[in-house]
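J.: Generate a structure from the sequence data that follows.
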Amino acid sequence: MDFTIDIKTPWEDPKDLLDRQQYSTILTSYLERINKPFVLNVNAGWGFGKTYFLRNWAESLKNHPVVYINAWENDFNDDPLITILDSLNNALSAHLNDNQEAERALKEILTAGGRFIKKTASILTKGAIQKALGTEAYEDLRQLNIDEFAGKSVKFLLEEHSENSKNIKHFRDELNTLLESIASNNNDITLPAFIFIDELDRCRPTYAIELLESIKHLFSVKGAVYIIATDSTQLQHSIRAVYGEGFNGVEYLRRFFDREFVLPDPSYKQIVASLSSDFTEYDKLLDTGFIPFHRNGREHTTDCENNCNAIDWWFDFYSGSFRIPTRTLIQYYEQFVLIINSTDKIWHLPFLLYLLFLYVSDRSLFDKFKMHAEAGQQLPAADFQVPISQETVRWLYHESQAPRIKSLDVYITASEIGQAYMQTLINNARRSMNPEEIIRHTHYGRSLEDLIKISIYNQVVPGVSNKEVKFLEYFSYIETAGCFQ
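T.: You can find the predicted model right below:
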């Protein structure tokens, strides 16, 4: 398998920050018991760890034939069949072990599969075809006159020529023979074969659709399971780009996927704790520290453990509020390290991290903050914004019970007001209010969203008379760090 990221030890190097291994173990056991052609869609948004999950899962399967396909890296080809055939050839050839029946079946698969490749292939693509099939199979295919068999989509071939149904059945039979021959002649190999297809939602819309059609019509055989990672929402957009805005992309995808596994949203706390454990510059905080966690205080915090907890906590809070993808969170953390290592001045931590997240999430509000700072003013509380969701409320309420949190102004406020408020919310929830209504429901003229925003504002925004890092300097440091990608 040719992975872009070097997986030295599955789930350990690089670290499994999101604790995804448990899901691969369960899914492997489930798929091993499937006794029919099967396609599993692993669904998650961009940046939430699909590629890491698939690559480590693939590397950890030692007793199964494994094929890994990065669809996006190969969508320069005119036809996804080229990519699939090439990947099968490269991965399964390693298991032939002079098995003549398996060798014959693989050659026949390459020749038979090549018949379905589009005749409109460019010179570059025809070179890729020869590379994928091998010289011998390619010459056999030329003798069969590729132009007679190519030029149509797989679906069109099925509908237009009944003869092609026989060709497809022959292809499937040979693929099944290949897999069974590999398993029967290798004591340490068992079926099903696991074929992983990654980054499909990033491909050209027509390429993504044709790849799914190919899997369904050609490669769907007993003894093979397909795990296709997608951002299903994005993939539906791609489908509608081809078939029109009114097209039902959800129903269309159900034709191809037998089951969908939604990769759970990451625990930001786990990610941040792991990142901070690798951050060797915490000793610096013993010397410099941060402004203490109340707005007008000036006594420096010198307890490294408290500083580390505070960094983890605020990263966790902002990540959940702003719904930051995993890879973006890691980038933010690296930018944060860059900033605090660039000066020995003392930072107001909640404000620094707030601006760091705001810079990408809401540039217009960031610029508004900066405009007030340039005028020597503080941003009015009415203009302060931080996303408040049902998860934020639940998270705040839970975290307010922690002793180390009670010393923070935001949680004293959230606790004293919020706990009394929570019972009202619970009562309202029993009356079937939806999450948005709960958050925005007013009680004595104030909503819970208002109370939390005021609390966070009082905690986050420093005074303009700050004697440490100047108020305006925060923006320069953030903008400079933002140039590092």
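
J.: Which stretches in the protein count as strands?
T.: 38-43, 66-70, 193-198, 224-230, 259-262, 442-443, 446-447 (DSSP state E).

J.: Show residues contacting the longest one.
T.: Contacts of strand 224-230 with the rest of the structure, by C-beta atoms under 8 Å, 6 or more residues apart in numbering, involve 27, 31, 34, 37-44, 50-51, 53-54, 57, 175, 179, 191-201, 212, 215, 219, 257. Using the backbone N, CA and C atoms, a C-beta is placed for each residue, glycine as well.

J.: The fifth one too?
T.: For strand 259-262, the external contacting residues (C-beta under 8 Å, 6+ apart) are 23, 27, 38, 40-44, 232.

J.: quick one on the thing from earlier: mean pLDDT for the strands of the chain: which is lowest?
T.: Ranked on mean pLDDT, the bottom entry among the strands of the chain is strand 442-443, at a mean of 56.

J.: residues in contact with residue 91?
T.: 1, 65-68.

J.: Revised request: answer the last question for residue 200.
T.: 71-72, 208, 211-212, 228-230, 235.

J.: what two of the residues you listed have the greatest distance between them?
T.: 72 and 212 (14.3 Å; C-beta to C-beta).

J.: So which of these two has more stuff around it?
T.: In terms of neighbours (other C-beta atoms under 10 Å), residue 212 is the more surrounded of residue 72 and residue 212; the figures are 24 against 17.

J.: Mind pulling up the pLDDT for that one?
T.: For residue 212, pLDDT reads 92.

J.: is it true that it touches residue 256?
T.: Yes - using C-beta atoms under 8 Å, residue 212 makes contact with residue 256 at a distance of 4.6 Å.

J.: biggest separation within the contacts of strand 259-262, which pair?
T.: 38 and 44 (19.6 Å).

J.: Look at these two and report which has more neighbours.
T.: Neighbours were tallied for residue 38 and for residue 44 using other C-beta under 10 Å; the higher tally belongs to residue 44 (22 against 18).

J.: ok, the nearest residue to that one once chain neighbours are set aside - contacts?
T.: Distances taken as C-beta to C-beta, 6 or more residues apart in numbering place residue 263 nearest to residue 44, at 3.8 Å, with adjacent residues excluded. Residues near residue 263 by C-beta under 8 Å, 6+ apart: 20, 23, 42-44, 48-50, 53.

J.: circling back: and the contacts of residue 200, which is closest to residue 341?
T.: The closest of those to residue 341 turns out to be residue 72 (C-beta to C-beta; 34.7 Å).

J.: And the closest one, how far from residue 115?
T.: Distance, residue 72 to residue 115, by C-beta to C-beta, to the nearest Å: 26 Å.

J.: and what of residue 89?
T.: The value you get for residue 89 to residue 115, if C-beta to C-beta is used, is 16 Å.

J.: ditto for residue 97
T.: 28 Å.

J.: The two: which is more packed in?
T.: Neighbour tally, residue 97 and residue 115, criterion other C-beta under 10 Å: the higher count belongs to residue 115, 20 against 11.

J.: And the pLDDT at the more buried one?
T.: The predicted local confidence for residue 115 is 78.

J.: So what's the residue count around residue 249?
T.: 19.

J.: With the one 10 residues further on instead?
T.: Residue crowding around residue 259 was assessed by other C-beta under 10 Å; the count is 12.

J.: Then residue 341?
T.: Using other C-beta under 10 Å: residue 341 sits among 10 other residues.

J.: Next: the one 5 residues further on.
T.: For residue 346, the count of nearby residues is 20 (other C-beta under 10 Å).

J.: and it, how far is that from residue 356?
T.: 17 Å.

J.: Please report how far residue 373 lies from residue 474.
T.: Between residue 373 and residue 474 the distance is 8 Å, computed by C-beta to C-beta.

J.: More neighbours: which of the two?
T.: Comparing residue 373 with residue 474 by other C-beta under 10 Å, the one with more neighbours is residue 474, at 23 against 18.

J.: Correct me if wrong: the more buried one contacts residue 354.
T.: No - under the criterion of C-beta under 8 Å, residue 474 is not in contact with residue 354, lying 9.5 Å apart.
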